[in-house]
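Q: kindly generate the corresponding structure for this input.
(4 chains)
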Protein chains: 2
Amino acid sequence: MTAPERLSKRNAIRRENERVILEAAEKVFAEAGFGGATMQLIADMAGLPKANLHYYFATKEELYRKVVQQIFEIWLHAADVFDNAPGPVEGIGAYIDAKMEISRRHPFGSKVWASEVMHGAPVIQDYLETTLRDWTEGRARVIQRWIDEGKMAPVDPRHLLYMLWATTQHYADFGHQIETLNGGKPLSDRQWKAAKDSVKTIILRGIAALRA
Amino acid sequence: MTAPERLSKRNAIRRENERVILEAAEKVFAEAGFGGATMQLIADMAGLPKANLHYYFATKEELYRKVVQQIFEIWLHAADVFDNAPGPVEGIGAYIDAKMEISRRHPFGSKVWASEVMHGAPVIQDYLETTLRDWTEGRARVIQRWIDEGKMAPVDPRHLLYMLWATTQHYADFGHQIETLNGGKPLSDRQWKAAKDSVKTIILRGIAALRA
DNA sequence: CTCAACCCTGACCATACGGTCAGAAAACGA
DNA sequence: TCGTTTTCTGACCGTATGGTCAGGGTTGAG
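A: Predicted coordinates:
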């Protein structure tokens, strides 16, 4: 329950500037890393003077933290499709679809997250130990239930989850490599669909949720 | 054919110092990113004065380039097991084993590579466009041949390769996340074996190279 | 209209960084 | 031993960075 926000011009300005700054920051952090990113670069990309950034976000760390939290929220919501699914074909299939779509729509956020984790998660370690751990255990239980019900082959639920994360996020994090191997062109709509289908087919058949 | 190197004390010193510096650099670049890494930090970790680093490597970029080249060489060699394999079970199985082993033994190098690619490959773009592209096309042909010979299901060879890279490198690049979800402890020998087996089982069954 | 609260920004500061350099020290060939 | 090449390093430099701040502009409630 947040306080009802008045729609004054001030609120609009604040909201819009924070949005613009976060969008620019996400891109710059993704392309340069935390250490390589500069407040000046973010300011230029946002079209604001640097001092204005410090008005809305006291420090570089604070701005960075907000960016990481954003992508984390998006990923958590994507997992909703996992629940209430009758079986792995629907549940995992929909999860792959959702995460592939995020890789396509939010490649910068994915990269920032990857970078953060690779560097030892200095900023979001507590999220890993609480929210993410709970989430993981919950979904692992769902997968285990499907296994017990004979709906898929007995595989280690955790390693399956890692595989889902790895394959889907790879299309964002290593998007530049994929693009280069694709002749320097971004994947087309058709190619994105092929990627999705490949991942879904191989994994669902790999856990014996699809007939070979 | 390199010139035959004399085993003088000077050569030994140079060789040893370059080794120590590269090792320290790999770790620091992995943990802090290119922008976040400092020559001072690398020097401290190598146990040498900063000015000495600049004696062996003129610039930070030059040192970084060497580190990236190193891991790339290692990966290329790992792919040897791919060739001369009678079929996907042996070829892809061995490739997964090799890459998982590298993720375990060289996690820093893997992270540096990931970071480099995520930031748009400013330093090794030419490698992507030549060596890696050729490598990829070659292996894609091998996979296609296996498909034509009925040894595995018809999947897109490129997306299969991306999947292999993603899943195996995930254990290095996201090692910190995996460790956190493992109760804060690194994977044991037994757990590494389980990881390898999970990946191999799911993928090999996923491409119908194993009976379900 | 008034005035307080909020928004904005050019100029500035201390620090830390990559890189340089002069010259000492060690290794080496003769 | 002597002269030359290579290795080593403390001290230094210019620059760029994150962050500050004084003061001006804008908004909106009463």
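
Q: from B:D173, how far off is A:S115?
A: Distance of A:S115 to B:D173, computed by C-beta to C-beta, to the nearest Å: 10 Å. Backbone N, C-alpha and C define where each C-beta goes, glycine included.

Q: flag every residue of chain A that's near DNA strand C.
A: Within chain A, the positions near DNA strand C by C-beta under 7 Å from any atom of the strand are A:10, A:13-14, A:17, A:48-52, A:54-55.

Q: longest helix in chain A, by number of residues?
A: Secondary structure assigned by DSSP state H gives helix A:9-36 as the longest helix of chain A.

Q: now do that one, average pLDDT.
A: For helix A:9-36, mean pLDDT is 95.

Q: any idea how far that helix is from the chain center?
A: Put simply, helix A:9-36 sits 17 Å off its chain's centre (C-alpha atoms, centre = their mean, to the nearest Å).

Q: is that helix positioned near DNA strand D?
A: Yes - counting by C-beta under 7 Å from any atom of the strand, DNA strand D is contacted by helix A:9-36 at A:9-10.

Q: now the very next helix or strand once past that helix: buried residues?
A: Counting by DSSP states H and E, the element after helix A:9-36 in chain order, helix or strand, is helix A:39-46. Within helix A:39-46, the residues that count as buried by 16 or more other C-beta atoms under 10 Å in any protein chain shown are A:39, A:41-43, A:45-46.

Q: name the surrounding residues that touch helix A:39-46.
A: Applying C-beta atoms under 8 Å, 6 or more residues apart in numbering or on different chains, the contact partners of helix A:39-46 are A:20-21, A:23-25, A:27-28, A:32, A:49-50, A:52-54, A:60, A:63.

Q: how about that helix as CSV, C-alpha atoms only?
A: Only the C-alpha atoms of helix A:39-46 are listed here, as CSV (Å, rounded to 0.1, in the frame of the first residue of the first chain):
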residue,chain,number,x,y,z
MET,A,39,28.0,9.4,-14.5
GLN,A,40,28.8,11.8,-17.3
LEU,A,41,28.1,9.2,-20.0
ILE,A,42,24.8,8.3,-18.3
ALA,A,43,23.9,12.0,-18.1
ASP,A,44,24.7,12.6,-21.7
MET,A,45,22.6,9.6,-22.8
ALA,A,46,19.7,10.8,-20.6
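
Q: list buried residues within the residues of chain A next to DNA strand C.
A: A:17, A:48.

Q: thinking again about what came up before, of A:S115 and B:D173, who's got more company?
A: More neighbours surround B:D173 than the other of A:S115 and B:D173, with 28 against 25 (other C-beta atoms under 10 Å in any protein chain shown).

Q: I figured the more buried one hits A:M118, correct?
A: Yes - between B:D173 and A:M118 there is a contact at 5.6 Å, judged by C-beta atoms under 8 Å.

Q: shared neighbours of these two, anything?
A: Common neighbours of B:D173 and A:M118 (criterion: C-beta under 8 Å, 6+ apart): B:111, B:114.

Q: report all helices and strands that the longest helix of chain A contacts.
A: The contact analysis (3 or more C-beta pairs under 8 Å, 6 or more residues apart in numbering or on different chains; DSSP states H and E) places helix A:9-36 against helix A:39-46, helix A:50-56, helix A:60-78, helix A:107-118, helix B:9-36.

Q: mind checking pLDDT for the residue in chain A that DNA strand C sits nearest to?
A: Residue of chain A nearest DNA strand C, by C-beta to the nearest atom of the strand: A:A51 (2.9 Å). pLDDT recorded at A:A51 is 98.

Q: please apply the same query to A:P4.
A: At A:P4, the model reports a pLDDT of 46.

Q: ok, of the contacts of helix A:39-46, which come out buried?
A: A:21, A:23-25, A:27-28, A:32, A:53, A:60, A:63.

Q: quick check: of these, which lies closest to B:A208?
A: Comparing those against B:A208 with C-beta to C-beta places A:K27 closest, at 40.9 Å.

Q: could you find the closest non-adjacent residue to that closest one?
A: Of all residues not flanking A:K27 in the chain, A:F108 sits nearest, at 5.1 Å (C-beta to C-beta, 6 or more residues apart in numbering or on different chains).

Q: wait, the one you found sits on A:A30?
A: Yes - between A:F108 and A:A30 a contact is recorded at 3.8 Å, counting by C-beta under 8 Å.

Q: could you see whether chain B lies near stretch A:149-158?
A: Yes - applying C-beta under 8 Å from any C-beta of the partner chain, one finds stretch A:149-158 touching chain B at A:153, A:155-156, A:158.

Q: which ones among these map onto helices?
A: Among the residues of stretch A:149-158 next to chain B, DSSP H puts A:R158 in helices.

Q: got JSON lines for the residues of stretch A:149-158 next to chain B, with pLDDT, neighbour count and distance to DNA strand D too?
A: Formatted as JSON lines, the residues of stretch A:149-158 next to chain B follow (pLDDT from 0 to 100; neighbours: other C-beta atoms under 10 Å in any protein chain shown; distance: C-beta to the nearest atom of the strand, whole Å):
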{"residue": "A:A153", "pLDDT": "97", "neighbour count": "18", "distance to DNA strand D": "49"}
{"residue": "A:V155", "pLDDT": "97", "neighbour count": "20", "distance to DNA strand D": "44"}
{"residue": "A:D156", "pLDDT": "98", "neighbour count": "20", "distance to DNA strand D": "42"}
{"residue": "A:R158", "pLDDT": "98", "neighbour count": "20", "distance to DNA strand D": "37"}
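
Q: and of the residues of stretch A:149-158 next to chain B, the nearest to A:A208?
A: Taking C-beta to C-beta as the measure, A:A208 lies nearest A:A153 of the residues of stretch A:149-158 next to chain B, at 3.8 Å.

Q: the helix or strand containing A:E137 packs against which elements?
A: A:E137 belongs to helix A:133-148 when assigned by DSSP H and E. Secondary-structure packing of helix A:133-148 (3+ C-beta pairs under 8 Å, 6+ apart): helix A:88-105, helix A:157-173, helix B:175-181.

Q: the last one: what's the following helix or strand?
A: Using DSSP H and E, the next helix or strand after helix B:175-181 towards the C-terminus is helix B:189-206.

Q: list the contacts of that next one.
A: Applying C-beta under 8 Å, 6+ apart, the contact partners of helix B:189-206 are A:153, A:155-156, A:159-160, A:162-163, A:201-208, A:212, B:88-89, B:92-93, B:96-97, B:100, B:104, B:163-164, B:167-168, B:171, B:182, B:187, B:210-212.
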